[in-house]
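[1] Need coordinates for the following:
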Amino acid sequence: MSAETLTLSRAMNEGLRKAMENDPKVLIMGEDVGRLGGVFRVTDGLQKDFGEARVIDTPLAESGIVGTAIGLALRGYRPVCEIQFDGFVFPAFNQITSQLAKMRMRSLGTLELPVVIRIPFGGGIGAVEHHSESPEAYFTHTGGLRVVACSNPADAYTMIQQAIECPDPVIFFEPKRRYWDKAPVDRDLANAAPFDKAVVARPGEDVTVLAYGPMVKTSLEAAQADEGHSIEVIDIRSLNPLDEETVLASVRRTGRCVVVHEAPVFSGYGGELAARITEKCFYHLEAPVLRVGGFSTPYPPSRLEDHYLPDLDRVLDAVDRTFAW
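    Residues are numbered from 1 along each chain as shown. Prediction:
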C-alpha cells in the first residue's frame with residue numbers, strides 16, 4: 001500500500017478511526033470530542049460515523065473523564081480520553097497517579113487497565129499558560145504508566161493504534177504546534193517500529209541530539225543547518241520505558257550528546273537522560289551531556305514565547321559548546 005500525505009492531526013484521526021473499526025470496545029471520550037471534533041479537530045467526524053455511545057462528549061471535568069475511563073477499562077472497554085490542553089490534565093492527576101498507574105500492581109497483575117490519555121502538549125501556537133505546557137516529567141516519574149510522544153504524522157497514525165492495543169495505561173503526548181505538519185503515512189502497521197522504541201531520525205557521526213515531540217523537527221532543522229558537524233538526531237518516542245539500547249549506542253559512537261525538550265531544564269526529563277548517559281557512557285564521553293529547554297518560569301504571554309521556547313540557534317549553540325571541551 002502506497003504512503004499517503006497527511007497532517008499529523010489527520011493521521012491521528014485516521015489512526016483512531018482504524019482502531020475503532022478493528023475493536024468495538026474502543027471508546028473516545030472528552031470535552032467537545034463529538035459534534036465539534038475536538039479543539040484541534042483530531043476526532044472530527046468520528047461521532048457521526050460511530051455514534052454518541054462510542055464518541056462521548058463529557059462534562060468539563062477531567063477527574064470525571066479519567067475516573068469513568070478506569071471503570072470502563074475494568075469492564076473490558078478500551079477508552080481513549082482526550083485532555084483538551086496539557087495544563088488541563090492536573091484535575092485528573094489524582095486519578096492517573098493514584099489509581100490508574102497502580103491498579104495492575106495492586107492486583108498482582110490480574111487487572112489490565114488499557115486506558116489511553118491523549119494530551120496535546122507544548123507551545124508554539126500563541127496561547128497562554130495551561131494551554132502551552134510540557135508536563136511529561138510528572139508522568140515519567142510515576143511507575144505503572146507508559147509515556148510516549150509522537151513527532152510526525154507517520155508515528156501519530158501507528159503509535160495511537162499501538163497504544164490502544166497496549167494492556168497498560170498510556171499517556172500519549174501530541175505536539176500541538178505540529179498538528180498541521182504534513183508527511184507521508186504508511187498505513188501498514190507491520191512496517192512500524194514498536195511504540196516503545198526510539199528511532200534514528202537522522203544519522204550522524206559527531207554528536208547525538210536527543211529529542212521528542214515538537215523538538216524533533218527543531219533538532220532536524222538544526223542538523224540540516226550545521227555544515228560543520230555531523231549531527232545524529234534520535235527521536236526518543238517512548239519516554240517511559242526508555243529505549244536505552246538505541247540511545248546509548250548512539251552516544252557511545254559519537255562521544256557527545258545534547259538533550260532538547262520544551263519543558264524547563266531544571267528537574268526536566270532531560271536530567272534523567274543525562275544521568276543515565278553519564279552513568280553508562282562515562283568513558284565514551286568527550287564532553288558533558290548538555291541540556292536545552294525552557295526556563296523555570298510559568299509559561300509566558302504569547303509575545304514572549306519565541307524567547308522561551310528552544311529554537312534552532314539554541315540547539316546549535318549547545319552543539320558548538322560540546323566541541324569546546
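
[2] so where does the nearest residue to residue 117 once chain neighbours are set aside fall, helix or strand?
    Spatially, and ignoring its direct neighbours in sequence, residue 117 is nearest to residue 81 (4.8 Å; CB to CB, 6 or more residues apart in numbering). (Each C-beta comes from the backbone N, C-alpha and C, glycine too.) For residue 81, the host element (DSSP states H and E) is strand 78-82.

[3] neighbouring strands for that strand, and are they parallel or not?
    With DSSP bridges as the test, strand 78-82 is paired with strand 26-30 (parallel), strand 116-121 (parallel).

[4] any idea how far residue 45 is from residue 38?
    Note on residue 45: its distance to residue 38, by CB to CB, to the nearest Å, is 11 Å.

[5] Look at those two and report which has more neighbours.
    Ranked by neighbour count (other CB atoms under 10 Å), residue 45 and residue 38 place residue 38 first, with 22 against 12.

[6] measure the more buried one to residue 84 for me?
    Distance from residue 38 to residue 84, by CB to CB: 8 Å.

[7] what's the overlap in contacts for the two?
    Listed contacts common to residue 38 and residue 84 are 30, 32; contacts here mean CB atoms under 8 Å, 6 or more residues apart in numbering.

[8] The residue nearest to residue 117 reaches residue 69, doesn't it?
    Yes - counting by CB atoms under 8 Å, residue 69 is a contact partner of residue 81 at 5.1 Å.

[9] so what's in contact with these two at the same time?
    In terms of CB under 8 Å, 6+ apart, residue 81 and residue 69 are both contacted by the residues 29, 115, 117.

[10] Could you pull out the helices in the stretch 51-200 of the chain for me?
    Counting by DSSP state H, counting those that start in this stretch, the stretch 51-200 of the chain has helices at residues 62-74, 93-94, 103-106, 136-140, 153-165.

[11] which of those sits most buried?
    A comparison of these by mean neighbour count, using mean count of other CB atoms under 10 Å, puts helix 153-165 on top with a mean of 24.

[12] Kindly calculate the angle that that helix makes with strand 26-30.
    Angle of helix 153-165 versus strand 26-30, following axes from the mean of the first three to the mean of the last three CA atoms, to 10 degrees, is 110 degrees.

[13] Select, out of the helices of the stretch 51-200 of the chain, the one closest to residue 259.
    helix 136-140 (12.6 Å; CB to CB).

[14] List the contacts of residue 290.
    257-259, 318, 321-322.

[15] The closest residue in space to residue 225 that isn't next to it in sequence: neighbour count?
    Excluding the flanking residues, the one nearest residue 225 by CB to CB, 6+ apart is residue 312, at 6.2 Å. When neighbours are counted by other CB under 10 Å, residue 312 registers 16.

[16] What are the neighbouring residues in contact with residue 312?
    218, 221-222, 225.

[17] Quick one: those residues as JSON lines, columns for distance to residue 155, secondary structure and pLDDT too.
    Formatted as JSON lines, the contacts of residue 312 follow (distance: CB to CB, whole Å; DSSP: H, G, I helix; E, B strand; the rest coil; pLDDT from 0 to 100):
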{"residue": "218", "distance to residue 155": "16", "secondary structure": "helix", "pLDDT": "98"}
{"residue": "221", "distance to residue 155": "18", "secondary structure": "helix", "pLDDT": "98"}
{"residue": "222", "distance to residue 155": "20", "secondary structure": "helix", "pLDDT": "97"}
{"residue": "225", "distance to residue 155": "23", "secondary structure": "helix", "pLDDT": "97"}
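
[18] Looking at the residues you listed, state which has the most neighbours.
    Within those, most neighbours by other CB under 10 Å means residue 222, with 28 neighbours.

[19] what about it, distance to residue 236?
    On the measure of CB to CB, residue 222 and residue 236 end up 16 Å apart.

[20] If I look at the residue nearest to residue 117, what pLDDT would I see?
    Listed pLDDT for residue 81 reads 98.
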